[in-house]
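Enquirer: sequence below, structure please.
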Amino acid sequence: MPKPSHPDSAAAPDTGSGFHSGRRRPGRLAPIVGTARKALRNALADAGYPAHVVVACSGGPDSLALAAVAAYFARRGHVDGHPVTAGAVVVDHQLQAGSAEVAARTAHTLGELGLAPVEVRTVVVAPTGMGPEAAARDARHAALEAAAAEQAADAILLGHTLDDQAEQVLLGLARGSGTRSLAGMRPARGILLRPFLGLRRADTLEICDVEELEPWHDPSNADPSFARSRTRVEVLPLLEEKLGPGVAESLARTASILQLDADYLEDVAESTFAALAERSGPEVSLPEVALGELAPAIRFRVIAKAAADVGGQQPSYQRLLAAEALLRRQGSAGPVELPGGVSVYRLSLAQLGVANRPDADAGLPGGGSPVPREGARCGKLVFRPQKPPQK
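Expert: This is a model prediction of the structure:
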């Protein structure tokens with residue numbers, strides 16, 4: 001929110017936007033503001049210079065600093081000669097007392113900065129079984145995407161910083177996650193852009209101070225009941241104390257390196273799955289011999305893609321191991337249950353022969369047809385949704 005003006009503040013030029021430019025000395029740009037503008041300019045250039053962007057702003061220092069930088073380009077009307085306008089969305093999750101008032105004050109500040117249109121979207125955070133933080137994120141992203149569609153925006157700007165990235169990597173390590181999770185947040189994913197992943201949280205606080213903006217500090221960020229808050233308040237500072245400064249930067253650099261690895265593995269797995277997948281109605285099958293010849297890093301990803309193809313969710317490593325173990329079974333075997341209502345079977349060559357007989361009741365184990373428990377060590381893995389897809 002705007003801070004009270006100081007008697008010694010330099011008078012701001014009248015831009016017609018109602019925006020107070022802050023306490024900068026005449027003719028001198030604060031270095032951190034210049035760094036932030038360059039970061040946003042590069043992100044917009046990489047995204048193909050979107051004509052209209054939406055800033056997702058909670059009123060906190062990170063998103064408020066991003067809003068101020070986006071407003072600068074919106075007032076100029078262009079980025080590197082490419083026309084640009086900027087609006088904003090404040091999502092009220094209704095999870096804290098007074099959240100509506102915080103959202104209204106934030107929206108007012110964003111309007112004073114010169115962003116337009118500015119809107120507040122109220123959401124209901126429904127339990128999803130993935131935890132309150134994930135549920136709030138899903139509700140927020142749905143609201144942001146709806147607002148972007150209505151504003152015909154080509155990009156949504158998110159204010160995540162290098163500190164957020166470091167926390168994300170630490171949480172992934174604690175959960176025993178794979179490469180994709182340890183790769184952290186991407187600078188760009190679809191229409192979502194994170195231009196401040198190279199800035200520290202302290203940088204955004206400085207930008208707010210320079211721009212004379214009073215950010216809102218979310219009390220949940222210091223709530224020890226949330227794993228991310230404990231990581232932010234306790235774990236990272238302790239690592240910096242015991243290991244020396246630069247831990248956050250090292251974690252963020254690790255994420256950048258792993259993003260390259262994850263992208264390569266993802267591309268290989270995607271093309272491999274496309275080449276191997278055989279479809280029959282709602283089911284997908286993978287030939288056992290070809291699957292067994294794959295490198296484990298690709299094989300596990302292909303299995304996960306098959307599960308996703310029939311409506312499943314990302315399996316845990318333990319579930320992937322269980323599904324992959326079917327390849328070492330004799331005869332038909334299974335099912336192995338994967339999250340999202342997917343059953344995986346090993347169908348042996350002998351069972352395939354039974355299923356293909358004209359007089360056979362084609363099906364998998366439990367479907368009514370004979371299930372031989374021995375046979376040639378070949379066949380396929382079949383992924384079947386437990387519930388038929390709704391039409």
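Enquirer: alpha carbons only for contacts and neighbour counts from here, please
Expert: Will do.
Enquirer: which stretches in the stretch 101-250 of the chain count as helices?
Expert: With DSSP state H, counting those that start in this stretch, the ranges of helices along the stretch 101-250 of the chain come out as 132-150, 162-175, 179-182, 201-210, 227-230, 236-243, 247-276.
Enquirer: and the fifth one, how far out from the chain middle?
Expert: The one in question is helix 227-230. 18 Å (Cα atoms, centre = their mean, to the nearest Å).
Enquirer: just checking, what packs against that helix?
Expert: helix 162-175 (3 or more Cα pairs under 8 Å, 6 or more residues apart in numbering; DSSP states H and E).
Enquirer: next, the buried residues of the helix it packs on.
Expert: Residues of helix 162-175 classed as buried: 162-172 (neighbour count, 16 or more other Cα atoms under 10 Å).
Enquirer: strands along the protein, start to end?
Expert: Assigned by DSSP state E, the chain shows strands spanning 52-56, 78-79, 82-83, 85-92, 118-122, 155-157, 188-189, 192-193, 278-280, 283-287, 333-338, 342-348, 379-385.
Enquirer: out of those, flag the one nearest Val210.
Expert: Closest approach to Val210 among those is made by strand 52-56 (19.6 Å; Cα to Cα).
Enquirer: what lines up beside that closest one in the sheet?
Expert: strand 85-92 (parallel), strand 155-157 (parallel) (DSSP bridges).
Enquirer: looking at the strands of the chain, which is closest to Thr254?
Expert: Comparing the strands of the chain against Thr254 with Cα to Cα, the closest turns out to be strand 188-189 (17.1 Å).
Enquirer: and the closest one, which strands flank it?
Expert: Next to strand 188-189 in the sheet, as set by DSSP bridges, lie strand 192-193 (antiparallel).
Enquirer: any idea how far the strand it pairs with is from the chain center?
Expert: With Cα atoms, centre = their mean as the basis, strand 192-193 stands 9 Å off its chain's centre.
Enquirer: re the thing from before, looking at the strands paired with strand 52-56, spot the one closest to Pro245.
Expert: Pro245 sits nearest to strand 155-157 of all those, at 29.0 Å, using Cα to Cα.
Enquirer: from the rest of the structure, what touches the closest one?
Expert: If you take Cα atoms under 8 Å, 6 or more residues apart in numbering as the criterion, strand 155-157 is touched by 50, 52-56, 66, 144-145, 148, 191-195.
Enquirer: drop anything exposed from these.
Expert: 50, 52-56, 66, 144-145, 148, 192-195.
Enquirer: between those residues, which is nearest Gly176?
Expert: Out of the buried ones among the contacts of strand 155-157, the member with the shortest distance to Gly176 (by Cα to Cα) is Arg194, at 25.1 Å.
Enquirer: mind listing what the closest one touches?
Expert: Going by Cα under 8 Å, 6+ apart, Arg194 touches 43, 157-161, 186-188.
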